[in-house]
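Novice: Predicted model follows, preceded by the sequence.
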Amino acid sequence: NYGPAYSRIDGTYAPRRLDYFSGATGKTDPSRLPEPILAGDGVTISVSRRQSAMPFSTKNVIGDEVHYVVGGKGRIKTDFGVLDCKGGDFILIPRAVGYRIVKIAETLETIVVSTPGELTIDPFPPRGVLNVGHAVSMPEIDAGPPAGDETFEMVFRHQGGNTSHFYDFDPLDIATVAGPSPVKCFNIDTVRSFSVSEGGMPPPRLINDNTDRTLFFHLGSRRSDRPPIHVNADYDELIVYAAGPASYGAMDVAGQMAWVPKGIPHHGAEEDTPEPYQAWLVETRASLQLTEPGAAISHLMETGRYGIKQD
């Protein structure tokens, strides 16, 4: 029998497809923080669509964050300078680092993963899929004019909720930085795929967690056998489709997500496609659950090609 092919599921513990970016469901209110769609055990997966700058700054003091830009262009101001971003960028913002989106050139769509572990970009010296010295960028100091007579809000996201602090100056203004910035950015198009002559092989890591709680991997078209049917006993898996022209299984729209909770049999999609594609995977030991907004954009999913399950 083909293990992933269940006939029916009664209950909430089920694989789901989540689609926030291809429809008109995304909110565009700049006063909102990213909206959690999956959460559990201190880990959250959130989504955001912005058409204008944020009117406040924010700091997450309980988790490191990875912002993946699904599409659009913008500028982020941080405690360590400013960073321009575009579709395909991964932006690592460690805990307690303040930031604010200060400019939107094109509607900015992002997926934000927050986790309690300390995250670092994996240089992959043995596989050479990411040349950290050339592919990774850091913020630059923007010595712009001083702020006028304004009040600036900083929203601290902490255990138990959010608290706003107010300043008569921009708390993100800096004159100089000593040492390398902990805020880093790289684009998925700078990640090089590699071939496997025969048999499957785990995908290469992009971002590590010092606790191994939440890990990020690259999924790109490569010469390889199809990954096997398997059960992940330790990690929930969330696959994000990034770009074509080829699809990843049944996913072909940037930002589409496929979530398989731990223990559920599933099959990796074919990676050796005639045309290239880009996707990435986040695995977390946290037991994720759909939030109310997440349930509103999710559908039951089959786990052979990650298509929407037809009842």
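Specialist: Structure's in. What do you need? Only a predicted model underlies this, so the values are computations on that prediction, with no experimental measurement involved.
Novice: my read: Lys59 touches Thr163, true?
Specialist: No: taking CB atoms under 8 Å as the contact criterion, Lys59 and Thr163 are not neighbours in contact, 10.2 Å apart. No exception for glycine: its C-beta is placed from N, CA and C like everyone else's.
Novice: and the two? which has more neighbours close in?
Specialist: Under the criterion of other CB atoms under 10 Å, the comparison of Lys59 against Thr163 puts Lys59 first, with 18 against 11.
Novice: Name the nearest residue to the more buried one, ignoring sequence neighbours.
Specialist: Leaving aside its sequence neighbours, Lys59 sits nearest to Gly98 (CB to CB, 6 or more residues apart in numbering; 4.7 Å).
Novice: could you list every residue that touches that neighbour?
Specialist: When contacts are counted by CB atoms under 8 Å, 6 or more residues apart in numbering, Gly98 touches Ser57, Thr58, Lys59, Thr78, Asp79, Met154, Pro171, Leu172.
Novice: show me where the stretch 51-200 of the chain has helices.
Specialist: Listed in chain order, the helices of the stretch 51-200 of the chain (DSSP state H, counting those that start in this stretch) span 132-135.
Novice: and Ser22, how far is that from Asp252?
Specialist: 10 Å (CB to CB, to the nearest Å).
Novice: Need the residues touching each of Lys59 and Thr163.
Specialist: Contacts common to Lys59 and Thr163, judged by CB under 8 Å, 6+ apart, are Val155, Phe156.
Novice: and the nearest residue to Val136 once chain neighbours are set aside, how many neighbours?
Specialist: Leaving aside its sequence neighbours, Val136 sits nearest to Phe186 (CB to CB, 6+ apart; 4.8 Å). Other residues lying near Phe186 total 22 when counted by other CB under 10 Å.
Novice: likewise His165?
Specialist: Applying other CB under 10 Å, we find 12 other residues in the vicinity of His165.
Novice: Could I get the pLDDT score of the residue lying closest to it once chain neighbours are set aside?
Specialist: Distance criterion CB to CB, 6+ apart; nearest residue to His165, sequence neighbours excluded, is Met154 at 4.7 Å. At Met154, the model reports a pLDDT of 97.
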